[in-house]
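Asks: coords please:
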Amino acid sequence: MMALISVANAQGSSSQGFPSKTIRIIVPFTPGGSNDVVAREIANGLQARFNQTAIVENKPGGGGTIAYSFVAKSPPDGHLMMIAPASFTMGPHLSGNPVYNPVTDFAAVNLVADVPFVMVVPANLPVRTVKDFIELAKKSPNKLSFGSVGPGTPQHLGGELFKMQAGVDLIHVPFRGATAVIPDLLAGRIDMFIGAINSLLTLIQEGKLRAIAATSLNRIASLPDVPTLSEMGFPGFEVGSGVGLVAPAGTPPDIIATLNREIAKIIATPGFHERMAAIGVDVVGTTPAAYAKVISDDYAKWGKVIAVAGIKPE
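Replies: Residues are numbered from 1 along each chain as shown. Alright, predicted model coming up:
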């Protein structure tokens, strides 16, 4: 009994004196995007709350695997976290030799935010609803196309998931980034795109693109009249770009709980909500257990989509 008490006390005291050094948040992309903005907001908030230096380090490259592998192998003491985007749960399925497992190599901290995605078509395409688009696709199999920002990205796999659930044949056309997709979409050279609302909203509002569905579970605040795919007969359909925080596996649970609690306080402030709304990001906030389930469910879902779509690991 005394041994059990000693172990319990040792486990319970791991967060005492935390943090004892600089907190680092790794971002697997270059500076400037929504993931980077969220990371810097959280770092600023943690620095103020803990009275300890908190910094953001950008480690782009390898489709995120450079950052993922680095964090997975780092000491699990709570002083290092990473922004985990949607592609975090997709990457291992696309590699013949995965360097990380999102479920077993990381400890979920908090799903901080989400960048909603929307399905759009060119304004001159003769469809106004998802039903119209499916009917047109079935009348002309392998004639309609959808764009993405590259193979294995959320935009690509979102299109593949839609094909799978709608039972339609669409041609995948990859581009190098959303800015490259949009000119072909506006010109009608591609027929559909599932992408982040923050890069499409102005074009939708100007009538140059037509939003036919939100691919989030809830309607997008800036497009309240656009139904979700769940509402249109695809229950549970969800494609977006979650922005979460994870730590190396083995980080003590009480330290994870401390980080989750302080991050929750940061994202609950009106200023945080306002700054996220300005870049088209929805504030979420979860428990570590809830976020761990999201990671596990997404990992399983995208593995199935990749297998059914016949996408071969590189």
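Asks: ok, which stretches of the stretch 1-150 of the chain are helices?
Replies: 2-12, 34-50, 65-72, 130-139 (DSSP state H, counting those that start in this stretch).
Asks: what about those helices, which gets the closest to residue 284?
Replies: Closest to residue 284 of those is helix 34-50 (C-beta to C-beta; 10.7 Å). All C-beta atoms are positioned from the backbone trio N, CA, C, and that covers glycine.
Asks: Select from the helices of the stretch 1-150 of the chain the stretch with the lowest mean pLDDT.
Replies: Mean pLDDT is lowest for helix 2-12 out of the helices of the stretch 1-150 of the chain, coming in at a mean of 42.
Asks: Checking residue 194 next. Helix, strand or coil?
Replies: Residue 194 falls in the strand class when you classify it by DSSP: H, G, I helix; E, B strand; the rest coil.
Asks: quick one, what contacts it?
Replies: Residue 194 makes contact with 117, 118, 119, 120, 146, 155, 158, 159, 162, 215, 239, according to C-beta atoms under 8 Å, 6 or more residues apart in numbering.
Asks: And residue 114, by the same measure?
Replies: Counted by C-beta under 8 Å, 6+ apart, residue 114 has contacts 216, 240, 241, 242, 243, 281, 282, 284.
Asks: repeat for residue 251
Replies: Residues counted as contacts of residue 251 (C-beta under 8 Å, 6+ apart) are 76, 77, 78, 107.
Asks: Find the pair from the residues you listed with maximum spatial separation.
Replies: Maximum distance among those (C-beta to C-beta): 11.5 Å, for 77 and 107.
Asks: neighbour-wise, which of these two wins?
Replies: Shown here are residue 77 and residue 107; by other C-beta atoms under 10 Å, residue 107 has more neighbours (22 against 17).
Asks: sorry, back to before: format the contacts of residue 251 as a markdown table; extra columns: pLDDT and distance to residue 250.
Replies: Listed next are these as a markdown table, based on pLDDT from 0 to 100; distance: C-beta to C-beta, whole Å:
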| residue | pLDDT | distance to residue 250 |
| --- | --- | --- |
| 76 | 97 | 4 |
| 77 | 96 | 9 |
| 78 | 97 | 10 |
| 107 | 98 | 7 |
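Asks: quick one on the thing from earlier: which one of the contacts of residue 194 is nearest to residue 173?
Replies: residue 146 (7.0 Å).
Asks: what about that closest one, how many neighbours?
Replies: With other C-beta under 10 Å as criterion, residue 146 counts 26.
Asks: what do you get for the one 3 residues further on?
Replies: Neighbour count of residue 149, defined by other C-beta under 10 Å: 20.
Asks: got it, and residue 110?
Replies: Residue 110, neighbours per other C-beta under 10 Å, totals 26.
Asks: my guess is residue 264 is in a helix, correct?
Replies: Yes. Residue 264 sits within a helix when classified using three-state DSSP.
Asks: and it, how far is that from residue 221?
Replies: Distance of residue 264 to residue 221, given as C-beta to C-beta, to the nearest Å: 21 Å.
Asks: Okay, buried residues for the host helix or strand of residue 293 please.
Replies: Using DSSP states H and E, residue 293 maps to helix 288-309. Buried positions in helix 288-309, judged by neighbour count with 16 or more other C-beta atoms under 10 Å: 288, 291, 292, 294, 295, 298, 299, 301, 302, 305, 306, 309.
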